[in-house]
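In: Provided below for reference: sequence and predicted model.
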Amino acid sequence: MLGIAEASSQSTPTPLAGGFCFGEGPRWFEGLLWFSDMLGEAIHTVNLRGSMTTVPLPGHTPSGLGFRPDGSLLIASASDRQVLCYDGDTVTMLADLSELVPADLGDMVVDAAGRAYIGSQAYSGGVLVRVDPDASVHLVTEDLDFPNGMAITPDGGTLIVAESMGRRLTRFTVDADGELRDRRVFADGLDGPPDGIALDAAGGVWTAMTLANQFERITEGGVVTDRIATGERAAIACALGGPKRRTLFLLSSTTAYPKHLIGTRDSRLDAVSVEIPGAGLP
């Protein structure tokens, strides 16, 4: 079993798994890290020993993932702009968003009621769409600058989204009916375009700073408390999981531009231990 290093600004994460094309949307669920291999047309799972299994998704480009309360997995299929559902045996289409969104789908977060929030990654004019458990579809906010990673606070009352092109983290109040309101900035002027994010129990947000080649922990107002450098690799997405949710899983690639990676298998999953555990969703 690979060891997991202690996190600090000088930490060197431990490689956990590799050999996939472009990893996105990591989620910890039932003792496994699940993540998309967008260009590999697959979903992978990895345990803490680095053993990887694969769910093939031929013809799809999976991106954001989220688990509903019943344990089924929702998958945002980027280029065909569909939301898929995997029940452990079969994959079916839950919703077709192609007539509602302006660009390909990206990340996703699923709340405690099973409502899925999915981003459409327009460089400007991006939107978030909510797909409810009855498969009804609702446009919940507009005018985002390339919405990317999302998280929901433990009380279910706040959704945070990374706006990559805006180099900011934005938060919304989540009403009881799932509507979003009261848009405000959590942090802006970031070191790089934020991609995937993960929320911890102290209110910090771990963020993949894609073009800055590092992962950062950011508190409200934009204070960076921790940095984990990735060298020449692009930081893509992160998740908190493992025992007591104190393992930070880090997906990185040789470039931040997925289309440059077609046919390669150089993306990697690393892991590092952190002091403050994960919180909220995902």
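Out: Structure received.
In: going forward, measure contacts and count neighbours with C-alpha atoms only.
Out: OK.
In: got the contact list for Trp28?
Out: With contact set as Cα atoms under 8 Å, 6 or more residues apart in numbering, Trp28 has these partners: Trp34, Ala239, Leu240, Gly241, Gly242, Pro282.
In: tell me how far it lies from Arg68.
Out: From Trp28 across to Arg68, the span is 13 Å (Cα to Cα, to the nearest Å).
In: could you tell me how many residues sit around His260?
Out: Here the count is done by other Cα atoms under 10 Å, and His260 has 10 residues near it.
In: which SS class is it?
Out: Per DSSP: H, G, I helix; E, B strand; the rest coil, the local secondary structure of His260 is helix.
In: and the gap between it and Phe22?
Out: Between His260 and Phe22 the distance, using Cα to Cα, works out to 10 Å.
In: ok, Ile236 next?
Out: 9 Å.
In: what sits in contact with each of these two?
Out: Where contact means Cα under 8 Å, 6+ apart, the residues bridging Ile236 and Phe22 through contact with each are Ser253.
In: confirm that Asp80 sits in a strand.
Out: No: when the secondary structure is assigned by three-state DSSP, Asp80 falls in coil instead of a strand.
In: show me what contacts it?
Out: Listed by Cα under 8 Å, 6+ apart, the contact set of Asp80 reads His60, Thr61, Ser98, Asp104.
In: which residues does Leu248 bridge with?
Out: With beta bridges defined as DSSP bridges, Leu248 has these partners: Leu240, Val272.
In: ranges for the strands of the stretch 51-200 of the chain?
Out: Per DSSP state E, counting those that start in this stretch, the stretch 51-200 of the chain carries strands over the ranges 52-56, 62-67, 73-77, 82-86, 91-96, 105-110, 116-120, 126-131, 137-144, 147-152, 158-163, 168-174, 180-188, 194-199.
In: got TSV for those, with mean pLDDT and mean neighbour count too?
Out: Rendered in TSV, the data for these read as follows (pLDDT from 0 to 100; neighbours: other Cα atoms under 10 Å):
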stretch	mean pLDDT	mean neighbour count
strand 52-56	96	15
strand 62-67	98	30
strand 73-77	98	27
strand 82-86	98	21
strand 91-96	97	16
strand 105-110	98	30
strand 116-120	98	29
strand 126-131	98	23
strand 137-144	98	17
strand 147-152	98	29
strand 158-163	98	25
strand 168-174	98	22
strand 180-188	98	15
strand 194-199	98	30
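In: and Ile43, which of the ones you listed is closest to it?
Out: Using Cα to Cα as the measure, strand 52-56 is the one of the strands of the stretch 51-200 of the chain that comes nearest Ile43, at 5.0 Å.
In: so which elements touch that closest one?
Out: Using 3 or more Cα pairs under 8 Å, 6 or more residues apart in numbering; DSSP states H and E as the contact criterion, the neighbours of strand 52-56 among helices and strands are strand 42-46.
In: tell me the angle the strand it packs on makes with strand 52-56.
Out: Relative orientation of strand 42-46 and strand 52-56, computed by axes from the mean of the first three to the mean of the last three Cα atoms, to 10 degrees: 160 degrees.
In: helices or strands next to strand 42-46 in the packing?
Out: So strand 42-46, by 3+ Cα pairs under 8 Å, 6+ apart, packs with strand 32-37, strand 52-56.
In: alpha carbons of that strand, as PDB, please.
Out: These are the backbone C-alpha positions of strand 42-46, laid out as PDB (Å, rounded to 0.1, in the frame of the first residue of the first chain):
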ATOM      1  CA  ALA A  42     -15.100   5.600 -18.900                       C
ATOM      2  CA  ILE A  43     -15.700   5.900 -15.100                       C
ATOM      3  CA  HIS A  44     -12.900   4.600 -12.900                       C
ATOM      4  CA  THR A  45     -12.900   3.600  -9.200                       C
ATOM      5  CA  VAL A  46      -9.700   3.500  -7.100                       C
END
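In: do I have it right that Ala95 meets Ala76?
Out: No: counting by Cα atoms under 8 Å, no contact exists between Ala95 and Ala76, whose distance comes to 9.7 Å.
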